[in-house]
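Peer 1: this is the structure alone, sequence omitted:
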């Protein structure tokens, strides 16, 4: 891969600046200090009817202003799957909306509580980046509000097989987030190739996706927590990466079928 110089600010997928600035993009074999992923890059307008499990997650501040932060996936009438770094420390400030192409619209789903994976941030700040949100009341399903299937444990993802992702994240660094739902399809990247892009961070609870050589396909700021689907099953949760979908640095997803992740979901939801 060609070496080049560029200023990159690593930001959490929900748009809050985190710890580092990179003044140079490393080569694929160097350690990369990634951040959470937030947006759809290379996507097109989507219809919520094709992604009825998709929800938007916002935080209400003291002045009653809502700030959109992440996506999530309805997995039952009582639970939503998202990234651990997306959930607020105050569930009562969390606003979940479903059933609309626009993240500011849709049906509001009151939040009772959330549970992060117990290993999140313990030994690896990016590992086990999964959480479940429990709703106050059962979600009323419609044509545009439906759950997505969960994978069986150990379900393998084949290299170069295609996954789909939807979300309201930004489409390029420095650009505002999208009000209308976008979607994109991209291939699964070989795990070893994924590992070489961020050696200190990649674990067996993760997989990479995107166009490794050309870049330009995948999530960015604001897409965190969203579900990557394959065959009607949610196989990944947008987690982190070097923003956004750069060549040689594919975005990283939580592997929903990884035993640790799938066991966590089953324990907390019974699914």
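Peer 2: The structure has been received and is ready for your questions. None of the values given here were measured: they were computed from a predicted structure.
Peer 1: I figured residue 261 was touching residue 255, is that so?
Peer 2: Yes - assessed by Cβ atoms under 8 Å, residue 261 is found in contact with residue 255 at 6.3 Å. To be clear about C-beta, it is placed using only N, CA and C from the backbone, and glycine gets the same treatment.
Peer 1: which neighbours do those two share?
Peer 2: Taking Cβ atoms under 8 Å, 6 or more residues apart in numbering as the contact rule, residue 261 and residue 255 both touch residue 205.
Peer 1: now for residue 99, how many residues are close by?
Peer 2: Close neighbours of residue 99, defined as other Cβ atoms under 10 Å, add up to 22.
Peer 1: what sits against it?
Peer 2: Residue 99 neighbours (Cβ under 8 Å, 6+ apart): 48, 52, 106, 107, 142, 144, 145.
Peer 1: do you know the pLDDT at the fifth one?
Peer 2: As summarised for this prediction, residue 142 has a pLDDT of 98.
Peer 1: residues in contact with it?
Peer 2: Contacts of residue 142 by Cβ under 8 Å, 6+ apart are 52, 99.
Peer 1: so in terms of bridging, what pairs with it?
Peer 2: Counting by DSSP bridges, residue 142 forms beta bridges with residue 145.
Peer 1: how about the strands in the stretch 51-200 of the chain?
Peer 2: Per DSSP state E, counting those that start in this stretch, the stretch 51-200 of the chain carries strands over the ranges 54-60, 66-74, 79-82, 94-98, 107-109, 111-116, 131-135, 162-167, 182-189.
Peer 1: out of these, nearest to residue 124?
Peer 2: Closest approach to residue 124 among these (Cβ to Cβ): strand 111-116, 14.1 Å.
Peer 1: could you check the angle strand 54-60 makes with the closest one?
Peer 2: 100 degrees (axes from the mean of the first three to the mean of the last three Cα atoms, to 10 degrees).
Peer 1: pull out the buried residues from strand 111-116.
Peer 2: Using 16 or more other Cβ atoms under 10 Å as the test for burial, strand 111-116 gives 111, 114, 115, 116.
Peer 1: tell me what angle it forms with strand 131-135.
Peer 2: Going by the same axes, to 10 degrees, strand 111-116 makes 160 degrees with strand 131-135.
Peer 1: and residue 76, what does it touch?
Peer 2: 139, 147, 269, 271.
Peer 1: thinking the last one is in contact with residue 80, fair?
Peer 2: No - checked against Cβ under 8 Å, the pair residue 271 and residue 80 is beyond contact range at 11.7 Å.
Peer 1: what about these two, which has more around it?
Peer 2: residue 80 (28 against 16).
Peer 1: for beta bridges, what are the partners of that one?
Peer 2: Note on residue 80: beta-bridge partners residue 74, residue 133, judged by DSSP bridges.
Peer 1: distance of residue 145 from residue 61?
Peer 2: 26 Å (Cβ to Cβ, to the nearest Å).
Peer 1: so for the two, which residue has more residues nearby?
Peer 2: Set residue 145 next to residue 61 and count neighbours by other Cβ under 10 Å: residue 145 wins out with 21 against 10.
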